[in-house]
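[1] the amino acid sequence is not available; the structure is as follows:
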DNA sequence: ATAATTTCGTTGACCTGTCAACAAATATGT
DNA sequence: ACATATTTGTTGACAGGTCAACGAAATTAT
């Protein structure tokens, strides 16, 4: 059911789709589902596992806590996912000279190969998603999203 | 940790935040957490319960399947949530003259009161979130989000 | 120095969202 | 008309994310 259909038969003056938060949440859920389906055809990785792999790739050397902050993931989630990624042979741990509690995370050769393999399709998907959006509008979109995300950190009370 | 900090110490050429899907997902997660915290101070409703209440308010009279399509929620989720909302006294069921399987859902007086109570804060939140976004940019944001959401329905393969 | 606080990663418990099976009702096709 | 297929809502099972407690290590304060 499209928004147009729904908006046409609305009986109330207030339309839920006016709530930008609802729109973002719904779009995000759809995108995540699409991403999971795509991943299922490419790899054994789940979505969060893929994201963690991508963050480690991005940072080269990092620790779990930084991954958690950047991707806004639960640290317990990361702990388990990293273990899985180690078992899969995509991630390796080394000592963190600065902190005895943490381990330095990095990609193995197989991890880099897996990243390179998956990221190709993800880049294509990215292009497909915004193919009828102008570069200028996309830049505006990014900027607005950044502002909204910043405000999402604030308390309402 | 801000994006600037993270971007400054990136060792790879590829930045995860270039992936608009990742950005949307992260922002959405933050927004949902903020919404849940806000709700916790106002009502006993959870986020999906609140959304279902809002959809029923919007449509006045509706059936579960329509709510499911509009809010993109699982029908099982709706079945259970509606039962809870009935127990709370916010939603009532009537017969659907057109379909013997469905029940017409509508808000009780208490349901309308609850909606009116919660929606005030949600409108304030909405304004707060976009307070430093121009009306024009917000319109662009909505349009781009709509396009992306439409593409999210397509298959990658 | 050392005591108190914070941070890190692990783990167990819980909660929510997701998927599949099902019966009943409706819609479709021949 | 009748058989087949689809849709509706309920339910049980499962996967995933979330939260709290914990020991170990690091940081901060006194």
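    That came through, no problem. All values reported here derive from a predicted model rather than from experimental measurement.
[2] strands of chain A, start to end?
    Read by DSSP state E, chain A holds these strands, from start to end of the chain: A:91-95, A:103-107.
[3] I'd like the distance between the nearest residue to residue A:111 once chain neighbours are set aside and residue A:61.
    Counting by CB to CB, 6 or more residues apart in numbering or on different chains, residue A:111 lies nearest to residue A:90, which is 3.6 Å off, once chain neighbours are set aside. C-beta here means a position set from N, CA and C on the backbone, and glycine is covered the same way. Remark: distance between residue A:90 and residue A:61 (CB to CB, to the nearest Å) = 15 Å.
[4] more crowded one of those two?
    For the pair residue A:90 and residue A:61, the greater number of neighbours falls to residue A:90 (25 against 13), based on other CB atoms under 10 Å in any protein chain shown.
[5] next, count neighbours for residue A:55.
    Residue A:55 sits with 21 neighbouring residues when counted by other CB under 10 Å.
[6] same thing with residue A:103?
    Residues lying near residue A:103 (other CB under 10 Å) number 16.
[7] let me see the contact set for it.
    The neighbourhood of residue A:103, defined by CB atoms under 8 Å, 6 or more residues apart in numbering or on different chains, consists of A:63-64, A:93-96.
[8] how close does residue A:63 sit to residue B:131?
    With distances defined as CB to CB, the gap from residue A:63 to residue B:131 amounts to 36 Å.
[9] these two: which is more packed in?
    In this view residue A:63 and residue B:131 are compared by other CB under 10 Å, and residue A:63 has more residues nearby, 18 against 9.
[10] the more buried one: what's its closest spatial neighbour, skipping adjacent residues?
    What sits nearest to residue A:63 in space, not counting adjacent residues and going by CB to CB, 6+ apart, is residue A:102, at 4.1 Å.
[11] from residue A:85, how far off is the one you found?
    Taking CB to CB as the criterion, residue A:102 is separated from residue A:85 by 16 Å.
[12] returning to that earlier point: dump the strands of chain A into CSV; add mean pLDDT and distance to DNA strand C as well.
    Shown next, in CSV, are the strands of chain A (pLDDT from 0 to 100; distance: least, CB to the nearest atom of the strand, whole Å):
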stretch, mean pLDDT, distance to DNA strand C
strand A:91-95, 95, 8
strand A:103-107, 96, 6
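[13] looking at those strands, which is buried most?
    Per-stretch averages of neighbours, counted by mean count of other CB atoms under 10 Å in any protein chain shown, single out strand A:103-107 among those, with a mean of 19.
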